[in-house]
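>>> A predicted structure for the sequence below; I have some questions about it.
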Amino acid sequence: MICLLTIALRYRLEGTQQRKAGACADGEAAIMHAHTMFTWLTRRRRATRRLGMPTQTSAEDHRYFFISNDQGEAMRLNLQHFMFAREFGSDRAVPVQVLPQPIELLDVACGTGFWAIQQAKELAPFGANVVGFDKQLPAATTSSERPDNCLLIAGDALDRFPFGDAAFSYVMMRACSAFVPRAHWPAFLREAARVTRPGGFVEVRDFGVVVSESQAMTTLTRIFTQLADSVGIYPGAGPHLRTIFSASGFSSPRIMTRQVRFGRPRGTPGGSLMVTDYLAVLKRVTVPISQSGITWNHSPITATRWADWLVEAEADSQQGKKTAVQLTCAVARRAA
Ligand SMILES: C[S@@+](CC[C@H](N)C(=O)[O-])C[C@H]1O[C@@H](n2cnc3c(N)ncnc32)[C@H](O)[C@@H]1O
C-alpha cells in the first residue's frame with residue numbers, strides 16, 4: 001500500500017484524477033491483473049473480483065465499440081498482446097539500456113494491464129516503475145499478480161493525461177485506434193510528449209486494414225471500415241503514424257512494419273492469433289454495425305446477416321484461406 005501511494009505521488013497525479021487514484025490505491029479494489037495466457041489457454045475459471053469498477057461511460061461519449069470490462073474482451077486483448085510480441089519479437093522497441101534514468105514507464109489505455117505488469121516484472125531489476133491508465137480499470141486482474149512497482153489507475157486519454165510534465169522516460173500507446181478520433185491523434189501524441197522526459201521515448205503500435213482471400217472476411221472488413229469512417233476513427237491508425245508523428249512535432253520517428261499473415265501454406269508467428277483476434281473484434285461490433293444504418297448491396301445489415309458472414313469467414317480461415325494485416329510500430333525520442 002505504502003509503495004502504491006509512493007508511486008502515485010511520484011507521478012504527481014493531478015486534480016480529480018489524483019483523488020481517483022488515491023481511492024483506487026486505498027482499497028486496491030481498482031487495481032487488478034490480467035489473466036495469464038495459461039489461464040486463457042486452459043480456460044480455467046479464476047475467481048475474479050468486480051469491486052465497484054467504473055462502468056462503461058455514457059453513449060454520447062463513445063465512439064469506442066468494445067466493452068473491455070468483460071472476461072471475453074480481456075482474453076482477446078491478452079491474445080492480441082502476444083500477437084504483437086510475436087511479430088515484433090519484443091514488447092518494447094527501445095532497449096532498457098537507452099531509457100533515461102530513473103526508468104518510469106507509462107501505458108496509455110492499458111486495457112487489462114497485461115503489458116504494464118509484464119514490463120514491471122521484466123524491468124524490476126533495473127529499478128523501474130510502471131503506470132497504466134485506462135478509462136475502464138481492468139476487470140480481470142487480481143492484486144496477487146500485480147508487482148509493487150506497477151500501478152493501474154483510471155483516466156481518460158482523450159483528456160489531459162493525469163500526470164505532470166516529464167514524468168516518464170517511456171510511453172507506450174498500443175492499439176488505440178478504436179477510441180481516438182482521427183483529428184485528435186496529433187493532440188494525443190503531444191500529450192504523450194508532454195509527460196515524457198527530454199531524451200525519453202514515445203512508442204505507438206497499431207494495425208492497418210485487413211486483406212483476405214476470403215470473400216466473407218473482405219465484406220466484413222469493408223463494412224467495419226465504413227463503421228469506423230462513420231464515427232470518425234481510423235479502422236487502424238498504423239499506416240498514418242508517420243504523418244501523425246510529424247504533425248505532433250516529433251522529427252524523424254523510426255517506423256517498423258510487420259506483415260502478419262495467416263493461411264496456407266504458412267503464416268507468420270502471430271498469424272493465427274491475428275485471425276482469432278480479428279474475428280472476435282468483428283463479433284463484438286455486431287450491435288453497432290446492425291444499428292449503424294450501413295447497407296450492403298442495398299439491404300440493411302442485420303445481426304443475422306453479420307453472423308452469417310462471420311461463420312463463413314471462420315470456415316474460410318479453417319480451410320486455410322489467406323488473411324493478412326500490416327502492423328506498424330513507430331518510435332520517437334523527445335528532444336533533449
Ligand atoms: C483495443 S484496447 C487496447 C488496450 C491496450 N493498449 C492493449 O494493447 O492491450 C483499447 C483500450 O482503450 C480503452 N479506452 C477507450 N476509450 C478510452 C479513453 N477515452 N481513455 C482511456 N482509455 C480508453 C479501452 O477501455 C480499452 O482498454
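Noted; the coordinates are in hand.

>>> Spell out which residues of the chain are next to the ligand.
By C-beta under 6 Å from any ligand atom, the residues of the chain that approach the ligand are 64, 68, 77, 80-81, 109-111, 134-136, 156-158, 174-175, 178-179. Placement of C-beta: from N, CA and C, glycine included.

>>> 8 Å instead, please
By C-beta under 8 Å from any ligand atom, the residues of the chain that approach the ligand are 61-62, 64, 66, 68-69, 73, 77-78, 80-81, 84, 107-112, 114-115, 133-136, 138, 155-159, 172-180, 205.

>>> mind checking the SS state of residue 256?
Using DSSP: H, G, I helix; E, B strand; the rest coil, the structure places residue 256 in strand.

>>> quick one: which of the residues of the chain next to the ligand sit in helices?
The helices, defined by DSSP state H, take in 73, 77-78, 80-81, 84, 114-115 from the residues of the chain next to the ligand.

>>> Most neighbours among those, which one?
In terms of neighbour count, residue 114 stands highest of those at 28 neighbours, by other C-beta atoms under 10 Å.

>>> if I look at that one, how far off is residue 278?
19 Å (C-beta to C-beta, to the nearest Å).

>>> for residue 295, which residues make a bridge with it?
When assigned by DSSP bridges, residue 295 has beta-bridge partners residue 300.

>>> one step back: so which of the ones in helices among the residues of the chain next to the ligand comes closest to residue 336?
Minimum distance to residue 336 across these is 26.1 Å, recorded for residue 115 (C-beta to C-beta).

>>> Quick check: the closest one touching residue 107?
Yes. Counting by C-beta atoms under 8 Å, residue 115 does reach residue 107; the two are 5.4 Å apart.

>>> intersection of neighbour lists for the two?
Contact criterion C-beta atoms under 8 Å, 6 or more residues apart in numbering; residues shared by residue 115 and residue 107: 132, 172, 174.

>>> and the first one, how many neighbours?
For residue 132, the count of nearby residues is 29 (other C-beta under 10 Å).

>>> still on that earlier bit, redo the ones in helices among the residues of the chain next to the ligand as TSV? Include pLDDT.
Converted to TSV, these look like this (pLDDT from 0 to 100):
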residue	pLDDT
73	86
77	92
78	90
80	96
81	96
84	97
114	93
115	96
